[in-house]
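Enquirer: Please find the sequence and the predicted model below.
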Amino acid sequence: MMSSASRIVAQTPKQFNKFINLNTRYLATQAAVNVKKHEAKENKESASFTMNIFRGQAQMDQVIPFPKALSQDQSETLQMTISPLEKVFSEINDPVKNDEISDLDEKTRQAFWDLGAFSIQVPEQYGGLGFCNTQYCRLVEIVGSNDLGVGIILGAHQSIGFKGILLYGTPEQKQKYLTRVSNGEYAAFALTEPSFGSDASAVKCRAVKSSDGSHYVLNGSKLWISNGGWANIFTVFAKVPMKNTKTGEIEEKVTAFIVDRAFDGVTSGPPEHKMGIKCSNTAAIYFEDVKVPAENLLGAEGEGFKIAMNILNNGRFGMAAALSGTMQRCIKQAVEHANQRVQFGKKIREFGGIQEKIARMAMLQYVTQSLAYMISGNMDLGSQEYQLEAAISKVFASDSAWWVCDESIQILGGMGYMKDAGLERVMRDLRIFRIFEGTNDILRLFVALTGIQYAGSHLKELQKAFKNPTANLGLIFGEAAKRATKAVGLGPTPSFANLVHPSLAESANMTGKSIETFGQTVEGCLIKYGRGIVDEQFILNRLAQSAIDTYTSAVVLSRASKAMNEKTPTAEHEMVMAKTWCTEAASRTKYNLKVVKSDKYLNTFNQLRQISRNICEAGKCPQQTPLGF
Ligand code: MYA
């Protein structure tokens, strides 16, 4: 189908001028978005599926085929590790006790250390298991199905605590610290401060280099640090004053350090009292004139923000893995109940209301698990471009697990509400997952804005041509017109039906249609809002939701196709789940993309803004009861 822009190009001179005006305006707004805070990035092709849907393109390299990341050897090693881990959970770890005492007793801690569960991805030369992301994913899924509190202790340690050393450490730093974090010493990631949570560049902790360059003097405090009270080794982010080589001015730039509790001036506060994940330790950390040796700089001065973001990106799929396990556990409990509970003369599994719940819970778990293995597999195969997908996996998993746990409780009814059922603990544990490691709200905006920025960067070259249309008429008529339509997603409807199992071709076509509409809608939003799109959170959230629905559809199509092609015992079941997911995701996307273009709905957004302002100004719900007092 021809797009509106390409139809204009093909028609009259008047319409051609309209095309130029439209695109000049569009390109100007694109440029404005690109320089939101930073210079426009290079016009670089991304291998990320999610990035490319913002241009209306289906880039399938990192989606189909489903990544096969493990060698025979790795599979066998993994299988040998699974049963000892399950044994510790069934015989030693007691989630109820952990929750009650808000701690993990010494015997249980030691059992996890002995297994190597604290250093799953540390190379063997430093005392770890040397596992890849996919192997880690499988183990974490088991952790998540047993005890999320333990998951946080393990995750805060290795997913973020020492991950910076693994990714950015010098050989000396690795030798010195990875051996310690694999051998009984806890690590923690210290980013959040009393004055910020989401706004990670607003770091106030400060480190000033000594005049002889031998060390930095670190001051400041960090808040809500998981493992904070137990850790000996911290990855700390602090601002360092440094000279801008271009302007000569002194600027404060976020920088990463490895800080040892043994350094004078490092202290931590008492454990926080939390709603859930109680056995994990959360505490404030204080740094008072701490002398951090220069060799403990992690990466280069001023690179700390990127390092922090990349550590978080690198570990986020772990949350999807853990929560896939949690959902499995909740579903199992709900199904056991539905299979035996009789009401109104029938097992409750026979009722449509229960069937819909179970089916939806199962699909959410299937999608989450697919995301975890898709992302970890791609990472193992060398992908460097997974930050949007990782953010999506975290948002999707934590929203889904919350809903699945809630519905499990609903299926159990009154029994589900009782402490003995164990689901209320899981629910309390789960609540934080939508908040930490980047709130879901912030990560949705991150997905939308990063995608928009990427789509915009592709029009730089064309923008130059439009600055001098006479001289570049050929370019505009020829290549540029083609690129303009393609770059913004206005080419023919992207199709990848040929890449999936024939039984899923129709679903792939639906997803392709979503990608086309998505690219067009992103373009339309940019034309309309220009740089102001960064402040249109009602719209950005709907774009993010559409990106999530579209990416998850592609991922399950890939996984179910693999199952169908390999004729696995559950292939038909997976195929039905994938089809159902794609149909519903495509109609949500159609709706969400319609909403952001419709005056009626935009007016509703204004009304919502107004309602919120009224409440905030009153500081409460301002209306009286209908009784008038
Ligand atoms: S740890 C604390 C977690 N905290 C956060 O996650 C902070 C959230 N905030 C942010 O992520 C950022 O501040 C946001 C951007 C996204 C808001 N990847 O101008 P900008 C680049 C790559 O947009 P800002 C915890 O909770 C961007 O492209 N690059 O920045 C413990 C730009 O680059 P350029 C990124 O508006 C929980 C530049 O940075 C990313 O200031 C314990 C500036 O961008 C990114 N993500 O903010 C969990 N973001 O200059 C335990 C930005 O080139 C683990 N950029 O254009 C549990 C695990 C599960 C269990 C495991 C069991 C074993």
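Expert: That came through fine.
Enquirer: And residue 391, how close does it get to residue 553?
Expert: From residue 391 over to residue 553 the distance is 17 Å, taken as C-beta to C-beta, to the nearest Å. No exception for glycine: its C-beta is placed from N, CA and C like everyone else's.
Enquirer: got it, and residue 390?
Expert: 18 Å.
Enquirer: So residue 339 belongs to a strand, correct?
Expert: No: counting by DSSP: H, G, I helix; E, B strand; the rest coil, residue 339 is not part of a strand but helix.
Enquirer: domain parsing for the protein?
Expert: 1-40+457-491, 72-181, 187-304, 307-443 (automatic domain parsing).
Enquirer: got a markdown table for these, with distance to residue 618 too?
Expert: A markdown table is the format used below for the domains of the chain (distance: least, C-beta to C-beta, whole Å):
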| stretch | distance to residue 618 |
| --- | --- |
| domain 1-40+457-491 | 34 |
| domain 72-181 | 38 |
| domain 187-304 | 26 |
| domain 307-443 | 24 |
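Enquirer: Distance to the ligand for the ones you listed - can I get that in JSON lines?
Expert: Listed next are these as JSON lines, based on distance: least, C-beta to the nearest ligand atom, whole Å:
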{"stretch": "domain 1-40+457-491", "distance to the ligand": "4"}
{"stretch": "domain 72-181", "distance to the ligand": "3"}
{"stretch": "domain 187-304", "distance to the ligand": "3"}
{"stretch": "domain 307-443", "distance to the ligand": "3"}
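Enquirer: Only the buried residues of stretch 323-336, if you could.
Expert: By 16 or more other C-beta atoms under 10 Å, the buried positions in stretch 323-336 come out as 323-331, 333-335.
Enquirer: do stretch 211-221 as well
Expert: 215-221.
Enquirer: if I've got this straight, residue 291 is in a helix?
Expert: No: using three-state DSSP, the assignment for residue 291 is strand, not a helix.
Enquirer: Tell me who's in contact with the nearest residue to residue 522 once chain neighbours are set aside.
Expert: Nearest residue to residue 522, sequence neighbours excluded (C-beta to C-beta, 6 or more residues apart in numbering): residue 54, at 5.2 Å. Residue 54 sits next to 451-452, 454-455, 489, 518-519, 522, 547 when contact means C-beta atoms under 8 Å, 6 or more residues apart in numbering.
Enquirer: if we go to 6 Å?
Expert: 451, 454-455, 522 (C-beta atoms under 6 Å, 6 or more residues apart in numbering).
Enquirer: can you list the buried residues of stretch 211-221 in CSV and add distance to residue 434?
Expert: Formatted as CSV, the buried residues of stretch 211-221 follow (distance: C-beta to C-beta, whole Å):
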residue, distance to residue 434
215, 40
216, 35
217, 37
218, 32
219, 33
220, 28
221, 25
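Enquirer: would you turn the residues you listed into TSV with secondary structure?
Expert: Shown next, in TSV, are those (three-state DSSP):
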residue	secondary structure
215	strand
216	strand
217	strand
218	strand
219	strand
220	strand
221	strand
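Enquirer: Name the helix or strand for residue 237, please.
Expert: strand 233-243 (DSSP states H and E).
Enquirer: And the next helix or strand past that strand?
Expert: In N-to-C order, the element after strand 233-243 by DSSP H and E is strand 250-260.
Enquirer: How about that next one, which residues are buried there?
Expert: 253-260.
Enquirer: likewise stretch 260-273?
Expert: 260-261, 263, 266, 268-269, 271-272.
Enquirer: before we move on, what about stretch 229-243?
Expert: Neighbour-count burial for stretch 229-243 [16+ other C-beta under 10 Å]: 229-240.
Enquirer: before we move on, what about stretch 88-101?
Expert: Per 16+ other C-beta under 10 Å, stretch 88-101 contains these buried residues: 88-89, 93-95, 98-99.
Enquirer: Identify the farthest-apart pair in those.
Expert: Using C-beta to C-beta, those span at most 17.3 Å, a distance reached by 88 and 99.
Enquirer: Would you mind giving the secondary structure of residue 452?
Expert: helix.
Enquirer: residues contacting it?
Expert: Counted by C-beta under 6 Å, 6+ apart, residue 452 has zero contacts.
Enquirer: Can you give me the pLDDT of it?
Expert: We have a pLDDT of 94 for residue 452.
Enquirer: Then residue 533?
Expert: 89.
Enquirer: From the ligand, how far off is the residue lying closest to it once chain neighbours are set aside?
Expert: Nearest residue to residue 533, sequence neighbours excluded (C-beta to C-beta, 6+ apart): residue 525, at 5.7 Å. From residue 525 across to the ligand, the span is 18 Å (C-beta to the nearest ligand atom, to the nearest Å).
Enquirer: Compute the number of surrounding residues for residue 189.
Expert: When neighbours are defined as other C-beta atoms under 10 Å, residue 189 has 29 of them.
Enquirer: got it, and residue 505?
Expert: 17.
Enquirer: Which parts of the stretch 301-450 of the chain are strands?
Expert: 342-343, 346-347 (DSSP state E, counting those that start in this stretch).
Enquirer: meant to ask about the stretch 51-200 of the chain, not that
Expert: 187-190.
Enquirer: which ones are touching the residue nearest to the spatial centre of the chain?
Expert: The residue lying closest to the centre of the chain (C-alpha atoms, centre = their mean) is residue 391, at 1.6 Å. Counting by C-beta under 6 Å, 6+ apart, residue 391 touches 443, 446-447.
Enquirer: quick one, what contacts residue 337?
Expert: By C-beta under 6 Å, 6+ apart, the residues touching residue 337 are 411-412.
Enquirer: Going by proximity to the ligand, name the top residue of the stretch 501-629 of the chain.
Expert: residue 534 (9.1 Å; C-beta to the nearest ligand atom).
Enquirer: Distance-wise, check that residue relative to residue 453.
Expert: 10 Å.
Enquirer: which intervals of the stretch 351-500 of the chain have sub-threshold pLDDT?
Expert: 458-491 (pLDDT under 70).
Enquirer: Could you rerun that using 90?
Expert: By pLDDT under 90, the weakly predicted segments of the stretch 351-500 of the chain are 454-495.
Enquirer: do the stretch 501-629 of the chain as well
Expert: Short version for the stretch 501-629 of the chain, where the test is pLDDT under 90: 523-533, 599-600.
Enquirer: just the helices in it please.
Expert: For the stretch 501-629 of the chain, the helices defined by DSSP state H, counting those that start in this stretch cover 505-529, 537-565, 571-595, 599-618.
Enquirer: Next, format those as JSON lines and append distance to residue 128.
Expert: Shown next, in JSON lines, are these (distance: least, C-beta to C-beta, whole Å):
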{"stretch": "helix 505-529", "distance to residue 128": "39"}
{"stretch": "helix 537-565", "distance to residue 128": "29"}
{"stretch": "helix 571-595", "distance to residue 128": "34"}
{"stretch": "helix 599-618", "distance to residue 128": "49"}
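Enquirer: Tell me which of those helices sits nearest to residue 209.
Expert: helix 537-565 (39.2 Å).
Enquirer: Run through the neighbouring helices and strands of that closest one.
Expert: helix 49-53, helix 352-380, helix 387-412, helix 440-457, helix 505-529, helix 571-595 (3 or more C-beta pairs under 6 Å, 6 or more residues apart in numbering; DSSP states H and E).
Enquirer: Now do the third one against helix 537-565, angle only.
Expert: Regarding helix 387-412 and helix 537-565, their directions subtend 80 degrees when assessed with axes from the mean of the first three to the mean of the last three C-alpha atoms, to 10 degrees.
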